[in-house]
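Student: coordinates only, sequence not included:
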């Protein structure tokens, strides 16, 4: 029995990545209820708004029942080992989705799982968010190949997933970060192995010139609150402002995974401006979660959008 997991964005090759985006754009009346009578476990070590709501609704749209549990209810390696939690939940559910602090917990889950394990966020990657951003860009431009994406700020888990997803889809990626906050040597090597490269700049305008998309994230996230003051000082001059956006193409769009610290990594004029696509991006979290579940559980569609059946596992 072959099980496909989604721990990193590169768990989808170029063909599969586009297939998931295609599934995400299927009209809702063509969405199969392939989870009818089945459950999906959603485990949260870290709280969430968009991830919980989008993934729960994705399961419902596939006819399934989402069962959400917080850390105090599951207790990875406290009440039970990660492996035993996984073995228990796969008795009841068609898939297990987890939002964790350490990426290694997802890898431990996948090592013993007989159902798909899906990364809803880890310290290493946030691949569902990257899928939503790529879908938003394809909706804006009609394609992904040869788009220039400029990331401003900390090279976070979101940045890592978006970088490798964009390169897989044929886009180019430029990053501007303060020294010490950029991609690692391993990240640069991984980009080359995928057939692309990461341009690294320390002046935001250099990365944004001729960009089709400018994207950023919070300068600090959950678990980094103690670094807030140091990071605010390090990232002075890295806010996305109308002036910085003016270096991009006139038709460029702005993305942010949210929640935003308004006035820090981006100004209200950008977040709420005509180039912003942050709300379609948020809505697309549900569509890509639904599409990914359908893809991993074996759903296939023909070019006309008709159901081609579900593979038996």
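Tutor: That came through fine. These numbers were taken from a predicted model, which means no experiment stands behind them.

Student: can you name every helix or strand that the helix or strand where residue 133 lies contacts?
Tutor: Element membership of residue 133, judged by DSSP states H and E, is helix 127-141. On a contact count with 3 or more Cβ pairs under 8 Å, 6 or more residues apart in numbering; DSSP states H and E, helix 127-141 meets helix 14-24, strand 117-121, helix 157-168, strand 213-216, strand 253-256, helix 278-296. The way it works is simple: take the backbone N, C-alpha and C, and place the C-beta from them, glycine included.

Student: contacting residues around the third one?
Tutor: Judged by Cβ atoms under 8 Å, 6 or more residues apart in numbering, the contacts made with helix 157-168 from elsewhere in the structure are 8-10, 12-14, 17, 121-127, 129-131, 133-134, 144, 147, 149, 151, 153, 172-173, 175, 183, 187, 190-191, 194-196, 198, 215, 217, 257.

Student: stretch 72-88 now?
Tutor: 43, 45, 96, 100, 105, 108-109, 111-113, 117.

Student: what do you get for stretch 257-264?
Tutor: Contacts of stretch 257-264 (Cβ under 8 Å, 6+ apart): 49-50, 126, 129, 133, 158, 217-219, 232, 235, 239, 266, 268, 271, 278, 281-282.

Student: just the buried ones from the residues you listed?
Tutor: Buried subset of the contacts of stretch 257-264 (neighbour count, 16 or more other Cβ atoms under 10 Å): 50, 126, 129, 133, 158, 217-219, 235, 239, 266, 271, 278, 281-282.

Student: got phi/psi on the residue lying closest to residue 113 once chain neighbours are set aside?
Tutor: Counting by Cβ to Cβ, 6 or more residues apart in numbering, residue 86 is the residue found nearest to residue 113 once chain neighbours are left out, at 5.4 Å. Dihedral pair for residue 86: phi -60, psi -50, per degrees, to the nearest 10.

Student: tell me how many other residues surround residue 86.
Tutor: Residues lying near residue 86 (other Cβ atoms under 10 Å) number 25.

Student: of the contacts of stretch 72-88, which is the nearest to residue 247?
Tutor: residue 100 (36.9 Å; Cβ to Cβ).

Student: excluding covalently adjacent residues, which one is nearest to that closest one?
Tutor: Leaving aside its chain neighbours, residue 100 sits nearest to residue 45 (4.8 Å; criterion: Cβ to Cβ, 6+ apart).

Student: shouldn't that neighbour be in contact with residue 101?
Tutor: Yes. Contact status for residue 45 versus residue 101: in contact at 5.5 Å, counting by Cβ atoms under 8 Å.

Student: residue 264 - how many residues pack around it?
Tutor: Look at residue 264: counted by other Cβ under 10 Å, it has 18 neighbours.

Student: number the chain from 12, please
Tutor: Got it, the first residue is 12 from now on, which makes the last one we talked about residue 275.

Student: and the gap between it and residue 49?
Tutor: Remark: distance between residue 275 and residue 49 (Cβ to Cβ, to the nearest Å) = 42 Å.

Student: can you lay out the helices and strands packed on helix 138-152 as JSON lines showing mean pLDDT and distance to residue 101?
Tutor: Listed next are the helices and strands packed on helix 138-152 as JSON lines, based on pLDDT from 0 to 100; distance: least, Cβ to Cβ, whole Å:
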{"stretch": "helix 25-35", "mean pLDDT": "97", "distance to residue 101": "23"}
{"stretch": "strand 128-132", "mean pLDDT": "98", "distance to residue 101": "9"}
{"stretch": "helix 168-179", "mean pLDDT": "98", "distance to residue 101": "25"}
{"stretch": "strand 224-227", "mean pLDDT": "98", "distance to residue 101": "35"}
{"stretch": "strand 264-267", "mean pLDDT": "98", "distance to residue 101": "35"}
{"stretch": "helix 289-307", "mean pLDDT": "98", "distance to residue 101": "14"}
